[in-house]
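Chemist: can you look at this prediction? I've put the sequence above it.
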Amino acid sequence: METKRGPAWRTGDALRHVLMPLGGLGAGSIGLSGTGELREWAIFNRPGHLSLVKNTYFALWAKAEGSEPIYRVLQKHTTDCPYIRMGNLHLHEVEDVRFCGQYPVAALEYLDGELPVRASMQCSSPCIPLNVEDSSLPAVLFHVRLRNPGSHAVDVSLLASLLNAVGYDGQGEIYWNILDGARGNVIHFVRRPAYAALNATSTQLPPDAPYYGTLALAVLHPEVTYRTRCLFPPDSYLARFMETGRLANEEDETPCGSGVTPSGMIAAHLRLEPGEEKSVRALIAWHFPNRVAYWQSSRARIGNRYAVRFSDALDVAEYVAENLEPLSRGTEAFRSALFGSTLPVSVLDAASSQIVIPRSSTCFWTEEGVFAGFEGSRSAEGSCPLSCTHVWNYEQTLAHLFPELARNMRETDLGVQTGDDGLVRHRLILPLSAPRGYGPALDGQLGTILKTYREYLLQGDRRFLRRHWATLQRVMGYVFERWDPERLGIIDDVPQPNTYDLALRGINSFTGTLYLAALRAMEQMARRLGHEAEAARYRETFLRGAEELDRRTFNGEFYVQRCTPSGGDRLQYGPGCLADQLIGQWWANILGLGHLLPAGHVRSALESVYRHNFRCMEGFRHTQRVFAEGSEWGVVNCAWPNGGRPEEPMHYCHEVWTGVEYAFAALLIQEGLVAEGLKVVAAVRQRHDGTRRNPWNDCEAGSYYVRSMSSWSLITALQGFTCDMGAAEVRFSPRASREDFRSFFSTATAWGTFSQRLTGGEWVYAIEVARGSLSIRTLYLDLPPEAGSLQARLGGARVAVEPPSGESAVRFRETCIVEAGAPLQVTARRTSDRENRRHNGEDH
C-alpha cells in the first residue's frame with residue numbers, strides 16, 4: 001500500500017509501539033502489532049490491553065526442490081530472542097518485519113534470507129462507510145501472499161494456530177494450555193465447500209455464563225490438513241509438521257478437563273513454480289453474547305447486537321466466507337479513496353487512525369440496539385461511563401462515516417436521556433429501562449442540539465427533525481431557564497459544568513460560543529420546519545449574545561473568562577488563553593452557520609492560541625498528566641501570556657489533548673490559517689510515530705479516547721465541505737492544492753471522491769460516488785471569478801445548468817442524482833483576456 005507521496009512502511013524502532021485494533025463497530029477487536037503478533041484481545045466484552053491469547057499465530061513451512069525445509073513463525077518478537085520456545089522446540093521467527101498501516105488495512109512484509117519464498121500478509125476487518133451491518137462483524141481477515149522468486153519449485157504450507165479461549169475473562173494470564181475459566185473446552189473441525197474451519201466451544205459452561213461463547217478459525221483453501229487437540233508439550237505434532245509440512249488430520253473431540261484448553265491447527269498446502277505467486281485467505285471470528293454492565297452495581301446483562309444476527313462464531317465465519325469478495329472490495333475501495341487523496345499525509349494519518357475508536361473496546365452495541373461508548377479504555381475496563389455528552393461533543397468520525405450510529409446515539413440522547421424539563425443527562429445508564437441518573441453538563445447539553453442539526457444536514461430527513469423538534473425546544477428551554485433566564489444570549493454568573501470536570505463561572509467564550517452556535521442551529525432547524533416566528537426569536541437572542549460576548553470577553557488579542565466576585569477564580573482560567581476558547585466557532589463552521597463573532601477577532605484569537613499555547617515542551621513544568629514532553633510540540637490547554645494565572649487554576653490546564661489539538665487545527669484551517677493548522681497536525685502525528693506512542697491510539701482518560709475523533713474535521717476543513725441534504729445543497733471549497741485537489745467525502749446518503757483540477761484554461765470539478773446516491777440541486781464550488789461558461793455532465797450526459805451569476809454556485813435546472821458509475825462533472829471555462837477586453841469595449 002502506498003500513498004501518492006511514496007511508501008508508508010514502518011521499520012525498526014518505529015514498530016515498537018505499533019498496535020492496530022481490528023474488529024467490527026461495537027463488536028470488540030484484536031490488536032495487530034507492528035511485528036505481526038496478535039495482542040490486546042478485546043473480544044471478551046471488556047478492554048484487554050494486557051490480554052494475550054497464546055498459541056495463536058501464523059507460521060510458514062517452505063521446501064525448495066533439493067533443499068531442506070525451512071519453518072518460520074510469521075512474526076518478530078519484541079525481545080532479543082530469535083525464537084519462541086515451545087516444549088523442546090525452538091520455533092524460529094522471521095528475521096525482520098515491515099509494517100504499513102492505512103486504516104482499515106494493515107500490511108506486513110516478512111523478511112528472511114533463508115526462506116525460499118517472499119511472504120506478505122494483509123490484515124483488515126470489513127470497514128465500508130454507510131454499511132453498518134458489514135462494518136460491525138466480529139472478525140479479522142488475513143490475506144497471505146506468497147511468491148517464489150527462485151529457479152526451483154517450492155512446496156509451501158501456511159500453518160494457522162488458534163487457542164480455544166472460551167471461558168477467558170480477557171485479563172489473567174494463559175499459561176500455555178492452562179486457562180482457569182475453561183470448562184470442557186473442545187475444538188471441532190468443520191469442512192465446507194468454500195473453507196475449512198476450527199470451531200472452538202465449551203461443553204460445560206452454561207449459555208448465560210459471562211464468558212460463554214465461541215471462536216472460529218477458517219482457512220479458505222481447497223487443500224488443508226488439521227489437528228483439533230494440541231496440548232503442551234507440542235513436540236510430537238509440531239516436530240512432524242516441521243519435517244513434513246503437514247498435520248495428521250487428527251480430530252479428537254474429547255472435552256478437556258476444567259482449567260485446561262486445547263489449541264487447534266489448520267495448514268494450507270500449495271506449490272509454487274519459479275516466478276509464481278499464490279495467496280491464502282483466513283479469518284478469525286468470535287461470538288461472546290453475554291456482555292454485562294460490569295461498571296454498574298446492577299451488573300445488568302446488556303448483550304451484543306452481533307449475537308442477535310449470528311448464532312455463533314462459525315455462523316460469522318460462514319457469512320464472511322460467502323461474502324468475502326464484496327467485503328474485501330468495499331473495504332479496499334474505502335482505503336483507496338481515503339489514501340488516494342492529495343491531502344497531507346499527517347492529516348490522513350490523524351483522520352484515519354481515529355476510525356479505530358468505535359471499533360475498539362471503547363464502544364459497544366447492545367442487544368437492544370443501543371450504540372454506546374466510554375470516554376476511553378483502561379487496561380481492563382472502560383473509563384468514565386457512559387456516552388458522555390461533553391466528550392462526544394468533539395466526535396466527527398462516526399457521524400461522517402457511519403451516520404446511522406450517530407443518529408442511534410441522538411435517539412438515545414433525545415428519546416431517553418432528556419427529561420420532561422429538557423435536562424439532557426450527560427452520562428448513560430443501561431439498560432434503557434433502568435432509572436435515569438446524572439445531572440447536566442452545559443457543553444454537552446448545547447452539543448446535543450448541534451449534533452442533532454449535524455445529523456439532519458448530512459441526511460436531509462425532515463421526519464427526523466420533526467420527530468425531535470419538541471424535545472429540542474425543551475433542551476434549549478432548559479438552557480434558558482437554568483443558565484440564561486432573561487434570554488440575553490450570554491451565560492454569566494452561574495455554574496457551568498463542562499468537559500474540564502469543573503464548573504466555570506462568569507462569561508467566557510468556551511461555553512459562550514457553544515451557546516451561540518446552538519442558538520443558530522435552533523434558528524435554522526425552526527426555519528426548516530416552517531416555524532419562522534420561533535426562528536426569529538432564536539436569531540434575536542443570538543445577535544444580542546454575540547455582541548455582548550465579544551464586547552465583554554475579547555481583550556484585544558484573544559477571548560478570556562471574566563470571573564465573577566461571587567465565584568472567584570478557583571478552578572477557573574480567568575485571563576488565560578484557552579485552546580478551546582472558540583470551540584463553538586469550530587462547530588458553526590462544520591454546520592455552515594457562519595461567524596458567531598467578528599471575523600477579525602476570531603482570527604486574532606486563533607493566532608494567539610497558536611503563538612502562546614502551541615509550544616515545544618522542552619523545559620515545560622508539567623503539573624498534571626504528561627501527553628507531550630521533551631522536544632515534542634503540543635498545544636497546551638491553557639496559557640497565561642499576560643499573567644493572572646489563578647493560584648488553583650482549572651483542571652488539566654497544562655495537559656495536551658489530541659482531541660482539542662485536532663479541533664483547533666481544523667479551526668485554523670477553516671479560518672484561512674492553513675499552514676499553522678497543518679503544523680499543529682504534523683506535531684501531533686510526530687508524537688505518535690510508533691517509537692514512543694501507538695499511531696492508532698490517542699490517549700487521554702484512557703486509550704482510544706473519543707475526543708480524538710475530532711480529527712475527521714481536518715478533512716472537511718481542508719476540502720471546505722458542508723452540505724444540506726434536505727435542500728440538496730453541497731459545497732466544496734478546497735483550502736490547499738486548489739489546482740490539483742482530490743479527497744474522500746461522505747454524507748449520510750453517499751460517499752466517494754471529490755476532485756478539482758486546472759487543466760489549460762479549464763477548471764474541471766468531479767464528484768464520483770462509490771456507494772449510495774447524492775441528490776444535488778445546488779453545488780457550491782471554488783469557481784474562478786473569470787469563469788465565462790459552465791458545462792455539466794452526469795454519467796457522460798449533458799445536464800442543464802443556470803448561467804453563471806457571479807457567485808460560486810452551480811444551479812442545476814433539475815436535481816442531479818449522482819450514483820456509482822455515473823459521476824458528475826462540471827467544467828468552468830475561463831474567459832480569455834481578449835474576450836474580457838472585447839466585453840469591456842477596450843479591444844478595437
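Modeler: Sure, I can see it. Numbers count the residues shown, from 1 in each chain.

Chemist: closest to the centroid, which residue in this structure?
Modeler: Ile355 (1.5 Å; CA atoms, centre = their mean).

Chemist: now the protein, which segments are flagged as low pLDDT?
Modeler: Along the chain, segments meeting pLDDT under 70 span 1-7, 78-90, 831-844.

Chemist: that older thread, next up, phi/psi of the residue nearest to the centre of the chain, please.
Modeler: The phi and psi values for Ile355, taken as degrees, to the nearest 10, are phi -60, psi -20.

Chemist: hmm, Gln102 and it touching each other?
Modeler: No. Ile355 is not in contact with Gln102 according to CB atoms under 8 Å; the separation is 10.8 Å. Heads up, the C-betas are built off the backbone N, CA and C, glycines and all.

Chemist: send me the longest strand seen in the chain as PDB with only the CA atoms.
Modeler: Longest strand of the chain, by residue count under DSSP state E: strand 762-780. What follows is strand 762-780, C-alpha atoms only, in PDB (Å, rounded to 0.1, in the frame of the first residue of the first chain):
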ATOM      1  CA  GLU A 762     -10.500  25.000 -17.800                       C
ATOM      2  CA  TRP A 763     -11.400  24.100 -14.200                       C
ATOM      3  CA  VAL A 764     -12.800  20.600 -14.000                       C
ATOM      4  CA  TYR A 765     -14.700  19.500 -10.900                       C
ATOM      5  CA  ALA A 766     -15.800  15.900 -10.400                       C
ATOM      6  CA  ILE A 767     -17.900  14.000  -7.900                       C
ATOM      7  CA  GLU A 768     -17.600  10.300  -8.100                       C
ATOM      8  CA  VAL A 769     -19.900   8.200  -5.800                       C
ATOM      9  CA  ALA A 770     -18.700   4.800  -4.700                       C
ATOM     10  CA  ARG A 771     -21.700   3.900  -2.600                       C
ATOM     11  CA  GLY A 772     -25.200   5.300  -2.200                       C
ATOM     12  CA  SER A 773     -26.700   8.300  -4.100                       C
ATOM     13  CA  LEU A 774     -26.200  12.000  -3.800                       C
ATOM     14  CA  SER A 775     -29.000  14.400  -4.700                       C
ATOM     15  CA  ILE A 776     -27.700  17.800  -5.800                       C
ATOM     16  CA  ARG A 777     -29.700  20.800  -6.900                       C
ATOM     17  CA  THR A 778     -27.100  23.400  -6.000                       C
ATOM     18  CA  LEU A 779     -23.400  22.700  -6.000                       C
ATOM     19  CA  TYR A 780     -21.200  25.400  -4.500                       C
END
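
Chemist: care to break the protein down by domain?
Modeler: 2-332, 341-719, 722-839 (automatic domain parsing).

Chemist: contacting residues for Leu667?
Modeler: Leu582, Gln585, Trp586, Asn589, Leu606, Gly677, Ala717 (CB atoms under 8 Å, 6 or more residues apart in numbering).

Chemist: gap between it and Gly592?
Modeler: Distance of Leu667 to Gly592, computed by CB to CB, to the nearest Å: 15 Å.

Chemist: what of Thr747?
Modeler: Thr747 is 13 Å from Gly592, by CB to CB.

Chemist: what do the two both touch?
Modeler: Cys723.

Chemist: which one's more surrounded, the two?
Modeler: Thr747 (24 against 17; other CB atoms under 10 Å).

Chemist: which residue, other than its chain neighbours, is closest to the more buried one?
Modeler: Leu458 (5.1 Å; CB to CB, 6 or more residues apart in numbering).

Chemist: again, but for Glu276
Modeler: Per CB to CB, 6+ apart, closest to Glu276 is Asn148, 5.4 Å.

Chemist: my read: that neighbour touches Leu115, true?
Modeler: No. Counting by CB under 8 Å, Asn148 does not reach Leu115; the two are 10.5 Å apart.

Chemist: quick revisit: would you mind giving the contacts of Leu667 as TSV with distance to His654 added?
Modeler: Putting the contacts of Leu667 into TSV (distance: CB to CB, whole Å) gives the following:
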residue	distance to His654
Leu582	20
Gln585	24
Trp586	22
Asn589	28
Leu606	21
Gly677	23
Ala717	27
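
Chemist: top of the residues you listed by number of neighbours, please.
Modeler: Result: Leu582 is most packed of these (other CB under 10 Å), 29 neighbours.

Chemist: let me see the backbone angles for that residue.
Modeler: phi -120, psi 40.

Chemist: that one and Ala605: what is the separation?
Modeler: 6 Å.

Chemist: name the residues contacting each of those two.
Modeler: Ser509, Tyr559.

Chemist: show me the strands in the stretch 301-450 of the chain, by range?
Modeler: 363-365, 371-373, 376-377, 382-383 (DSSP state E, counting those that start in this stretch).

Chemist: what's the burial count for the residue lying closest to Gly213 once chain neighbours are set aside?
Modeler: Distances taken as CB to CB, 6+ apart place Phe288 nearest to Gly213, at 3.4 Å, with adjacent residues excluded. Phe288 has 26 neighbouring residues, counting by other CB under 10 Å.

Chemist: just checking, Phe288 touches Arg46?
Modeler: No. Phe288 lies out of contact with Arg46 (CB under 8 Å); the separation is 10.2 Å.

Chemist: chain center to the host helix or strand of Arg539: distance?
Modeler: According to DSSP states H and E, Arg539 maps onto helix 532-553. Mean C-alpha position of helix 532-553 versus that of the full chain (CA atoms, centre = their mean, to the nearest Å) differs by 35 Å.

Chemist: swap in stretch 658-675?
Modeler: 18 Å.

Chemist: thinking again about what came up before, count of neighbours near the residue nearest to Thr747?
Modeler: Leu458: 21 neighbours (other CB under 10 Å).
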